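**Student:** A structural model of the following input is requested.
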Amino acid sequence: MTAGGRSETALILAPVGRDAAIAAGMLREARMPSLICPDLECLFSELPNGVGFVLVTEEALLGHDLRPLARWIRAQPEWSDLPFVLLTQRGGGLERNPEAGRLLDALGNVTFLERPFHPTTLVSLARAALRARLRQYEARARLEELQQSEEQLRTANETLEARVVERTRDHELALAKLHEAQKLETLGQLTGGVAHDFNNLLTPVIGNLDLLRNRLPPNDPSQRLIDAGLQAASRAATLVQRLLAFARRQDLKVRSVNVASLLDGMEDLIRRSLDPAIEVHVTCATNLPPAWVDANQLELAILNLAINARDAMPRGGKLCVEADAAEADERAGLRAGGYVRITVRDNGTGMDQQTLARAVEPFFSTKGVGKGTGLGLSMVHGLAAQLSGMLKLTSSPGEGTSAEIWLPQASEAATADDLEPRPAIRAVRDATILLVDDEELVRIGTGEMLSDLGYKVVEANSGAEALRLLRTGDAPDLMITDYLMPGMNGVALIEHARKLAPSMEMMLITGYSTVAQGPAATVPRLAKPFRQADLAALVAEQLAGTPSGKVVNFPRKDGLR
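**Tutor:** As a prediction, this is how the structure comes out:
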């Protein structure tokens, strides 16, 4: 029991008449909580849950077996002496009521109150009982502190040397993990910056190739070269997304994914990432349904599991990557329904139960310092959980490890890679677009795509220049701005621009997901690099005033969503 909560509650036992309701009402007026018990058994069962004092009528106890209650009272710890307020009949004092005297012997700490009584008298007695009870709690706290101090002192004396060794080892491990985390953070920052610059280079490349393909006849021989260039640029964009995923600066783009095609495309990458002495077998069930997942993140998760398996097979072995359809129910910890199950299984050293229980903890690793960050399995676990799936690990020492990623089945057909020509939506109306980007190549390429669609484009190379144009009286229909720019980022620009042109639509183009919260937190956003068709569709939706479905809440800087 602790002070506060149930430990300051009065238990009321008055089964005859309206005494219980009247007493509870008086206590409630005095802001003292109470609980009415219908019989002695209920009262006895509520005592272990915490109680401030007991208000009981004489007739509720007379003629009943009080031995269980008396045993509980005698068994109270040394700090406890539960107060009782006993309501007796008129003239029922001890000198004329022998039964009340026997109850005094049974209950111990009893205050008598003859009926009828004044509310002030009851409240005064109740407060006195609670004050006494609170002093008991304070005595218990001091007693527990004293006992804890004595126990700690005895334990410290007995285990001082062992604890010094353990603390020293823990300190060294903590420093090693801190160094690993700092190295990972530095590498992530470097990777994110390189990926951002690479995105800015890919954006005009893909955009210009798109424009060239649209301007040439379908049977032109150059179309084959353009398609090859787009395919290479698309692969480069995928690489950038993996780099951004490592740096945790990538949006989770969930869609319907053909897992069989994804594994087929990854097989060479998996083989190159493993030791030649490891056999790799990739198999998929026939008619495998699509999964609802971010394809890039799934590739990264599978690669993480494959590398973990490689480290568990230092002398070679066998790695199997399998995908099949499975059903789950609530007993498995998942919502009932269909799932795509991807299993990565090895015949390596395996893990014991203690290691397996901690396997998905961030920074937990059985590898030596400098040989692993301890984030691989935690990232896979987090991805599966975020998608309403799960990561299931089974392992035994000497028998290998099996990791199953359960992903919800998608209700729609898998989305194919976007390399085929798609018609871009032409300008829905005469409109002027203010395009803001500090990268000249990106700004020129994006401006050409917009002009090709039939829009009038006004360019600005910074947020300050864009605000200057707005202050001169220009009233564009839409402003498209990059996020990461020197001096003023895109979110800050949108906040200022809304004051100057409240009716102007806003759009962000960026490769980052770590965009700050604020007034611009629901601005439509197009990820770099993008195709002309993607740009045209989102611009048309904004100018037409229809929801695009692409309004996103920007994640917090700590990565939580």
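**Student:** SS state for Ala323?
**Tutor:** strand (DSSP: H, G, I helix; E, B strand; the rest coil).
**Student:** for it, what are its contacts?
**Tutor:** Shown in contact with Ala323 (CB atoms under 8 Å, 6 or more residues apart in numbering): 259-260, 263, 283-285, 288, 340-343. Heads up, the C-betas are built off the backbone N, CA and C, glycines and all.
**Student:** before we move on, what about Asn489?
**Tutor:** By CB under 8 Å, 6+ apart, the neighbours of Asn489 are 463, 483.
**Student:** Mark which of the contacts of Ala323 are buried, thanks.
**Tutor:** 259-260, 263, 284, 288, 340-343 (16 or more other CB atoms under 10 Å).
**Student:** name the helices or strands packed onto the helix or strand that contains Leu393?
**Tutor:** According to DSSP states H and E, Leu393 maps onto strand 390-396. Using 3 or more CB pairs under 8 Å, 6 or more residues apart in numbering; DSSP states H and E as the contact test, the elements touching strand 390-396 are helix 353-357, helix 376-386, strand 400-408.
**Student:** re the thing from before, which one of the buried ones among the contacts of Ala323 is nearest to Ala301?
**Tutor:** Among the buried ones among the contacts of Ala323, Ile342 lies closest to Ala301 (CB to CB), at 8.5 Å.
**Student:** Doesn't that closest one belong to a helix?
**Tutor:** No: going by three-state DSSP, the assignment for Ile342 is strand, not a helix.
**Student:** Grab the nearest non-local neighbour of it.
**Tutor:** Spatial nearest neighbour of Ile342, excluding adjacent residues (CB to CB, 6 or more residues apart in numbering): Ile405 at 4.5 Å.
**Student:** in the sheet, who's paired with that neighbour?
**Tutor:** When assigned by DSSP bridges, Ile405 has beta-bridge partners Ile342, Leu391.
**Student:** For burial, what's the neighbour tally of it?
**Tutor:** By the measure other CB atoms under 10 Å, the count of residues near Ile405 is 27.
**Student:** wait, doesn't it sit right on Ala384?
**Tutor:** Yes: contact criterion CB atoms under 8 Å: Ile405 and Ala384 qualify, at 5.5 Å.
**Student:** shared neighbours, those two?
**Tutor:** Joint contacts of Ile405 and Ala384 (CB under 8 Å, 6+ apart) are 301, 391.
**Student:** any chance you could map the helices in the stretch 251-400 of the chain?
**Tutor:** For the stretch 251-400 of the chain, the helices defined by DSSP state H, counting those that start in this stretch cover 259-273, 295-311, 353-357, 376-386.
**Student:** Mean pLDDT lowest where, among the ones you listed?
**Tutor:** Looking over these, mean pLDDT reaches its minimum on helix 376-386, with a mean of 74.
**Student:** Against which helices or strands is the helix or strand harbouring Leu27 packed?
**Tutor:** For Leu27, the host element (DSSP H and E) is helix 19-29. Judged by 3+ CB pairs under 8 Å, 6+ apart, helix 19-29 is in contact with strand 10-13, strand 34-37, helix 119-215.
**Student:** just these: most buried one?
**Tutor:** Mean neighbour count (mean count of other CB atoms under 10 Å) peaks for strand 10-13 among those, with a mean of 24.
**Student:** Just the residues contacting that one, thanks.
**Tutor:** With contact meaning CB under 8 Å, 6+ apart, strand 10-13 is reached by 20, 23-24, 27, 32-37, 39-40, 42-43, 46-47, 51-57, 60-61, 126.
**Student:** How much space separates Leu469 from Ala492?
**Tutor:** The spacing between Leu469 and Ala492, counted by CB to CB, to the nearest Å, is 16 Å.
**Student:** Kindly apply the preceding question to Asp474 instead.
**Tutor:** Distance, Asp474 to Ala492, by CB to CB: 19 Å.
**Student:** So which of these two has more stuff around it?
**Tutor:** The residue with more neighbours, out of Asp474 and Ala492 and counting by other CB under 10 Å, is Ala492; that gives 18 against 15.
**Student:** Let me see the contact set for the more buried one.
**Tutor:** Shown in contact with Ala492 (CB under 8 Å, 6+ apart): Gly463.
**Student:** Okay, and it sits in which element?
**Tutor:** helix 490-500.
**Student:** try Leu470
**Tutor:** Going by DSSP H and E, Leu470 is part of helix 463-471.
**Student:** what's the angle between the helix or strand immediately after that helix in the chain and helix 463-471?
**Tutor:** Per DSSP H and E, helix 463-471 leads on to strand 478-482 as the next helix or strand towards the C-terminus. On the basis of axes from the mean of the first three to the mean of the last three CA atoms, to 10 degrees, strand 478-482 is oriented at 170 degrees to helix 463-471.
**Student:** ok, back up a step: in the helix holding Leu27, what's buried?
**Tutor:** 19-20, 22-24, 26-27.
**Student:** Convert the C-alpha atoms of that helix to CSV, please.
**Tutor:** Extracted as CSV, the C-alpha positions of helix 19-29 are listed here (Å, rounded to 0.1, in the frame of the first residue of the first chain):
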residue,chain,number,x,y,z
ASP,A,19,-26.3,4.4,6.7
ALA,A,20,-23.9,3.4,4.0
ALA,A,21,-25.2,5.8,1.4
ILE,A,22,-25.5,8.7,3.9
ALA,A,23,-22.0,8.2,5.2
ALA,A,24,-20.6,7.9,1.7
GLY,A,25,-22.3,11.2,0.7
MET,A,26,-20.9,13.0,3.7
LEU,A,27,-17.4,11.7,2.9
ARG,A,28,-17.8,12.7,-0.7
GLU,A,29,-18.7,16.2,0.3
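**Student:** who's in contact with it?
**Tutor:** In this structure, residues lying in contact with helix 19-29 by CB under 8 Å, 6+ apart are 10, 12-14, 33-34, 36, 55, 57, 87, 115, 119, 122-123, 126.
**Student:** And those, which two are furthest apart?
**Tutor:** Pro33 and Arg115 (22.7 Å).
**Student:** picking up where we left off before, I'd like the helices and strands packed on helix 19-29 as TSV, with mean pLDDT and distance to Thr349 appended.
**Tutor:** Below are those laid out as TSV (pLDDT from 0 to 100; distance: least, CB to CB, whole Å):
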stretch	mean pLDDT	distance to Thr349
strand 10-13	92	59
strand 34-37	92	58
helix 119-215	77	22
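**Student:** Could you dump these into a markdown table with distance to Met507 added?
**Tutor:** Output for the helices and strands packed on helix 19-29, formatted as a markdown table (distance: least, CB to CB, whole Å):
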| stretch | distance to Met507 |
| --- | --- |
| strand 10-13 | 63 |
| strand 34-37 | 60 |
| helix 119-215 | 14 |
